[in-house]
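*Asks:* From the sequence below, what's the structure:
(one chain, ligands or ions: 1)
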Amino acid sequence: MTKRRTAILISGSGSNMLALLEAARNPSYPARPCLVLSNNPEAAGLARAAALGVPVAAVDHRPFAKDRAAFEQALDAVLLAHGTEFIALAGFMRVLTGGFVGRWQGRMVNIHPSLLPLYRGLDTHARALAAGDTEHGCTVHWVVPELDAGEIIKQVRVPILPGDDAAMLAARVLAAEHALYPVALASAIRQAG
Ligand code: GAR
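*Replies:* Residues are numbered from 1 along each chain as shown. Next comes the predicted model:
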């Protein structure tokens, strides 16, 4: 099959991105990473991707503080310049508007650290602990204009253990994310055709 040219969007350390890059080394994997793109020029993940020979770029969101549409047009320009066909959001911490999402809908997925539809948005681990939940997890879903509300592709459950704090729980969930995202991205690309 033709591999889909896939851009991975990050804001931070990029550990999920590394899991995707590792999976994509398999010749039968349906994504070819064409770009790692960040809104944060200092994101540690950019250097990690560059060290692996993957093209990297940053579009700093700060100069666009008053013009989200212009920020997203700048993202689009970089994505198109790299021949992007599919987008994997991997810890990309900017909310995308309906305009951008509409241009990529059906070709863009996200990983979120909760068992959606529980705990959309931020601080998911602390919120699961505060609610007294006994399990938590992570979800890969299609991106739609409403935040963290798109159709679920795959989800993994993670136990909450006695004595967990938010950091301990986040680390357990992150390990599950690294196993989930490569499988879910492959499934999404095959589904999109
Ligand atoms: C991951 O836990 C990811 O699920 C989360 O940010 C972390 C990024 O870690 N994403 C969100 O919260 C999106 N709303 P990473 O940079 O090491 O992959």
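*Asks:* Now do the SS call for the closest residue in space to Arg120 that isn't next to it in sequence.
*Replies:* Excluding the flanking residues, the one nearest Arg120 by C-beta to C-beta, 6 or more residues apart in numbering is Asp148, at 3.8 Å. Yep, even glycine has a C-beta here, placed from its N, CA and C like the rest. State at Asp148, reduced to three classes by DSSP: H, G, I helix; E, B strand; the rest coil: coil.
*Asks:* what's the neighbour count on Asp148?
*Replies:* Per other C-beta atoms under 10 Å, the neighbour tally for Asp148 reads 19.
*Asks:* What residues does this structure have near the ligand?
*Replies:* 10, 12-16, 45, 90-91, 111-113, 174, 177 (C-beta under 6 Å from any ligand atom).
*Asks:* which of those tops the neighbour count?
*Replies:* Neighbour counts for the residues of the chain next to the ligand (other C-beta under 10 Å) peak at Ile10, which has 29 neighbours.
*Asks:* what about the longest helix in this protein?
*Replies:* Ranked by number of residues, the top helix in the chain under DSSP state H is helix 166-192.
*Asks:* list the helices and strands that helix packs on?
*Replies:* Here helix 166-192 touches strand 4-10, helix 15-23, strand 31-38, strand 86-89, strand 108-112, helix 124-130, strand 135-142, strand 152-159, going by 3 or more C-beta pairs under 8 Å, 6 or more residues apart in numbering; DSSP states H and E.
*Asks:* Output these as a markdown table; include the columns mean pLDDT and distance to Ala58.
*Replies:* Below are the helices and strands packed on helix 166-192 laid out as a markdown table (pLDDT from 0 to 100; distance: least, C-beta to C-beta, whole Å):
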| stretch | mean pLDDT | distance to Ala58 |
| --- | --- | --- |
| strand 4-10 | 98 | 10 |
| helix 15-23 | 98 | 14 |
| strand 31-38 | 98 | 5 |
| strand 86-89 | 98 | 16 |
| strand 108-112 | 98 | 19 |
| helix 124-130 | 98 | 26 |
| strand 135-142 | 98 | 24 |
| strand 152-159 | 98 | 27 |
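*Asks:* To Met168, which of the ones you listed lies closest?
*Replies:* Of all these, helix 124-130 sits nearest to Met168, with 8.8 Å by C-beta to C-beta.
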